[in-house]
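>>> got a predicted model here, sequence first, then my questions.
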Amino acid sequence: MQSFRTELENPLVEKDIIDLERKIRMFREGKIHEEKFRSLRLARGVYGQRQQGVQMVRIKLPYGKMTFKQWKRIADISDEFSTGNLHLTTRQDIQIHFVSLDRTPELWAKLEQDDITLREACGNTVRNITASPTAGIDAQEPFDVTPYADTAFRYFLRNPICQEMGRKFKISFSSSDADTALSYMHDLGFIPKVENGQRGFRVVVGGGLGAQPALAHLYHEFLPADQLIPTIEAVLRVFDRHGERNSRHKARLKFLIAKIGFDEFKRLVEEEWTALKSKSFPIEGPESTPAAPSALPEADDEAYSKWLASNVFAQKQEGFFGVYVRVQLGNIRSELSRSLIDKIQPYVADDVRVTVNQGLLFRFVAAENLPAVYAVLKAHHLAQPGANSTANITACPGTDTCNLAISDSTAVSVEFERVMQEEFPDLIFNNDILIKISGCMNACGQHSMAQIGFHGSSMKAPDKRVLPALQVLLGGGTLGNGEGRISDKVIKIPSKRGPEALRMVLNDYETNGTEGEYFNSYYDRQGEKYFYALLKPLTDLSNVVDSEFIDWGQSDQFQTEIGVGECASVIIDLVATLLFETEEKYEWAVSAYEEGRFADSIYHSYSVFISGAKALLLDKNVNVSTQHGVIKEFDKQFVETGEFTFDGASFSDKTLQINKNEPSEAFATKFLSDALDFLQRAKSFREEAVAAKA
């Protein structure tokens, strides 16, 4: 592959892209270990697919916002580098698939021409910061959270404290107590509050889905708004130092809190306060607009009337409306995108939001323009009613492209929506029941917080053949104000019987539920065992037929093919690679110091100690799962044995200066000097050890 010039105005971004291109060349030449390279490309939004030799590229859209120019740029990029499809995700990103690895730097450079980034869209980083798509126009919001979400996104992008954590970290901002950004299932979730005229947030911490879902803990009932950034930074520093790094299945913040206890976690966060770059970080936000929502206009046409009732809502700005757009499976073609942009632009604001249920939200539509917007959407086959209803099913890509998926989640979703349309048409007006599907237990489709959820699995027939299956989950959902419910795993059934299972659950609810009774209230009243018994006949495999061994959307017999997951990088255990990284971290520390970014320089210097120590420990076959463990073990293996000394101090004393000092120029100078001394000694120690073994 050949080098290229990016010609970008932002030198930091240009350096990032050129570095990716250089590292791809080094990987092709065998100069970078495969696992190290995987970590690097993931942090640049480049994710391996189920199909060999191609990549999924995740485009990071903070709080789901894009301008029409950015949307068109992404559509054009998909045509040039991919298949012409844009996939909207549950984290308000856009993904394009089947991209050549060698072309990803050029792709990124072209995206950045319209201020669109891939940086930290995947990997062990702060992932895309999500927010209620209605932020700024929500009649129930105390204030607009958009500036706070945007500031958090920009502050932690490329921030040294969160570049190589043990696992990913997810943050959300909801616009009101309705909690439409699902704070309870995030590592950090924020809900806006006003107390005595002061803005702030209710803060929850340690939530997550995946194979072992957990609800977030209440951390602050009211956190003043100027403490938002310091609090996030302190939490990230604790997670980076104490989080698990060997077992990726135990590496999320929820597991750290469960391991050490919530009180100890809070103590560790408070311990970081001295070292924070800013103890207060005011953020300017617009004045709150008094809520004055308008009534929806009346309509004679039945289809238009259904669309108005289910997809349109009054904004807090009088006379304006928000319009939700259903996008089946989150997939929208590039040519359709360009045509829609051209036709819809005169009627809506240049601020399109990707929603958490894989759709779109157009904002600031004047009442008199609603018929025109409907006509444009209808002409593009995007005027289907029920945008946030039971009929609008959320699904991850599943076995279409994902390494981890066990069985199909997309084609079966289409079948489920067909059941809705033909047999339960009134559910387009029901926002109480949400249906979500994932291709595996990892919950990218958010099945474990749905009233009715499914995730891909497999079963064995009596003749030992394997058939695709769906785990049925019931009873999850959002309660509001940072609280939620995790659904119960009720029963596993063959995938081809999924539509019948859905039909049985909905029919039972319609028949036996009382007037006005919410689905989860009905589920609680009947109990998990009731629904297990209801669906149990679907598990009878004595009458299984050959077609049930073929998954939805497939023509070949089903077999479980699960690859290596890339939601987080695997552990790098090569000593030489780690020492190479240590030198690189020292270079970053020097650059930050020379630019006057003393807090960043200090954190990079700290990383020099950790990375170098881990390298020497691995040379002794000592593998430690946390940074804190690396520090303790280095003292035990090297300092206490006299192999490595620090003028009477311990390695812990040296490294943990980081959270006992203000991030001043003087401390940055000393810490950088200490890091260089350690790096040089570590390299010499390694060279001597290699020579002794020769």
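Thanks, I have the structure now. This one's a predicted model, so the numbers in the text were calculated from it and none came from an experiment. Numbers count the residues shown, from 1 in each chain.

>>> for stretch 283-299, the distance to its chain's centre please.
29 Å (Cα atoms, centre = their mean, to the nearest Å).

>>> what residues does it touch?
136, 139-144, 146-148, 151, 199, 225-226, 228-229, 305, 308-309, 312-321, 367, 370 (Cβ atoms under 8 Å, 6 or more residues apart in numbering). In this view, the C-beta of every residue, glycine as well, is placed from N, C-alpha and C.

>>> out of the residues you listed, list just those in helices.
Thr146, Pro147, Tyr148, Thr151, Leu228, Ile229, Ser305, Leu308, Ala309, Leu370 (DSSP state H).

>>> count the residues that sit near the last one.
So the one you mean is Leu370. 20 (other Cβ atoms under 10 Å).

>>> isn't it right next to Leu308, touching?
Yes. Counting by Cβ atoms under 8 Å, Leu370 does reach Leu308; the two are 7.1 Å apart.

>>> on that earlier part again, just the buried members of the contacts of stretch 283-299?
By neighbour count, with 16 or more other Cβ atoms under 10 Å, those hold 136, 139, 141-144, 146-148, 151, 199, 225-226, 228-229, 308, 312-317, 320-321, 367, 370 as buried.

>>> now do the helices in the stretch 101-250 of the chain.
104-112, 146-156, 228-242 (DSSP state H, counting those that start in this stretch).

>>> and stretch 644-658, what's buried?
Phe644, Phe646, Ser650, Phe651, Lys654, Thr655, Leu656, Gln657, Ile658.

>>> show me the contact partners of it.
So stretch 644-658 is contacted by 275, 602-603, 606, 609-610, 613, 616, 631-632, 634-635, 638-639, 667, 671, 674, 678, 681, 685 (Cβ under 8 Å, 6+ apart).

>>> Phe190 - nearest residue in space that isn't next to it in sequence?
Nearest residue to Phe190, sequence neighbours excluded (Cβ to Cβ, 6 or more residues apart in numbering): Phe201, at 4.2 Å.

>>> equivalent analysis for Lys266, please.
Lys266 sits nearest to Tyr219 (Cβ to Cβ, 6+ apart), 7.5 Å away.

>>> residue contacts, Ile128?
For the record, residue 128 is Asn, not Ile. Lys60, Leu61, Pro62, Arg91, Gln92, Asp93, Ala121, Phe153.

>>> break this structure into its domains for me.
11-112, 140-275, 302-379, 394-549, 575-693 (automatic domain parsing).

>>> any chance of the ones you listed in JSON lines, with mean pLDDT and distance to Ser555 too?
As requested, the domains of the chain are exported to JSON lines (pLDDT from 0 to 100; distance: least, Cβ to Cβ, whole Å):
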{"stretch": "domain 11-112", "mean pLDDT": "91", "distance to Ser555": "17"}
{"stretch": "domain 140-275", "mean pLDDT": "96", "distance to Ser555": "30"}
{"stretch": "domain 302-379", "mean pLDDT": "96", "distance to Ser555": "20"}
{"stretch": "domain 394-549", "mean pLDDT": "94", "distance to Ser555": "11"}
{"stretch": "domain 575-693", "mean pLDDT": "92", "distance to Ser555": "43"}
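
>>> just to revisit the earlier point, I'd like the ones in helices among the contacts of stretch 283-299 as TSV, with distance to Gln52 appended.
Converted to TSV, the ones in helices among the contacts of stretch 283-299 look like this (distance: Cβ to Cβ, whole Å):
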residue	distance to Gln52
Thr146	41
Pro147	43
Tyr148	42
Thr151	40
Leu228	43
Ile229	42
Ser305	50
Leu308	48
Ala309	47
Leu370	48
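
>>> could you work out the most separated pair of those?
Across the ones in helices among the contacts of stretch 283-299, the longest distance by Cβ to Cβ is 45.8 Å; it joins Ile229 and Ser305.

>>> can you show me the strands along the stretch 351-500 of the chain?
352-354, 360-366, 394-395, 435-438, 452-460, 466-474, 477-480, 483-485, 488-494 (DSSP state E, counting those that start in this stretch).

>>> can I get the ones you listed in TSV including mean neighbour count and distance to Tyr47?
Below are the strands of the stretch 351-500 of the chain laid out as TSV (neighbours: other Cβ atoms under 10 Å; distance: least, Cβ to Cβ, whole Å):
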stretch	mean neighbour count	distance to Tyr47
strand 352-354	26	18
strand 360-366	21	23
strand 394-395	28	18
strand 435-438	29	16
strand 452-460	24	19
strand 466-474	24	24
strand 477-480	18	28
strand 483-485	19	28
strand 488-494	21	28
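
>>> wait, which of the ones you listed is closest to Leu256?
strand 483-485 (20.4 Å).

>>> pairing partners for the closest one, with directions?
Here strand 483-485 is paired, per DSSP bridges, with strand 477-480 (antiparallel).

>>> count the neighbours of the residue nearest to Phe190 for me.
When neighbours are counted by other Cβ under 10 Å, Phe201 registers 28.

>>> please tell me how far it sits from Ile283.
Relative to Ile283, Phe201 is positioned 11 Å away (Cβ to Cβ, to the nearest Å).

>>> shared neighbours of the two, anything?
Tyr148, Ala225, Leu228.

>>> now the first one: how far from Phe313?
According to Cβ to Cβ, Tyr148 and Phe313 sit 23 Å apart.

>>> also the last one?
Distance from Leu228 to Phe313, counting by Cβ to Cβ: 28 Å.

>>> which one of the strands of the stretch 351-500 of the chain lies closest to Val590?
Per Cβ to Cβ, nearest to Val590 of the strands of the stretch 351-500 of the chain: strand 352-354, 39.0 Å.

>>> can you list the strands that that closest one pairs with?
By DSSP bridges, strand 352-354 pairs with strand 65-66 (antiparallel), strand 360-366 (antiparallel).

>>> for the residue nearest to Asp400 when sequence neighbours are not counted, list the residues it contacts.
Excluding the flanking residues, the one nearest Asp400 by Cβ to Cβ, 6+ apart is Thr410, at 5.6 Å. By Cβ under 8 Å, 6+ apart, the contact set of Thr410 is Leu329, Ala395, Pro397, Gly398, Asp400, Trp552, Gly553.

>>> ok, now how distant is Gly516 from Leu427?
In this view, Gly516 and Leu427 are 16 Å apart by Cβ to Cβ.

>>> mind listing what's buried along the lengthiest helix in the chain?
Identified as the longest helix of the chain according to DSSP H is helix 665-693. Within helix 665-693, the residues scored as buried using 16+ other Cβ under 10 Å are Phe667, Ala668, Phe671, Leu672, Asp674, Ala675, Phe678, Leu679, Ala682, Lys683, Phe685, Arg686.

>>> how about stretch 72-81?
So stretch 72-81, judged by 16+ other Cβ under 10 Å, has buried residues Lys72, Arg73, Ile74, Ala75, Asp76, Ile77, Ser78, Phe81.
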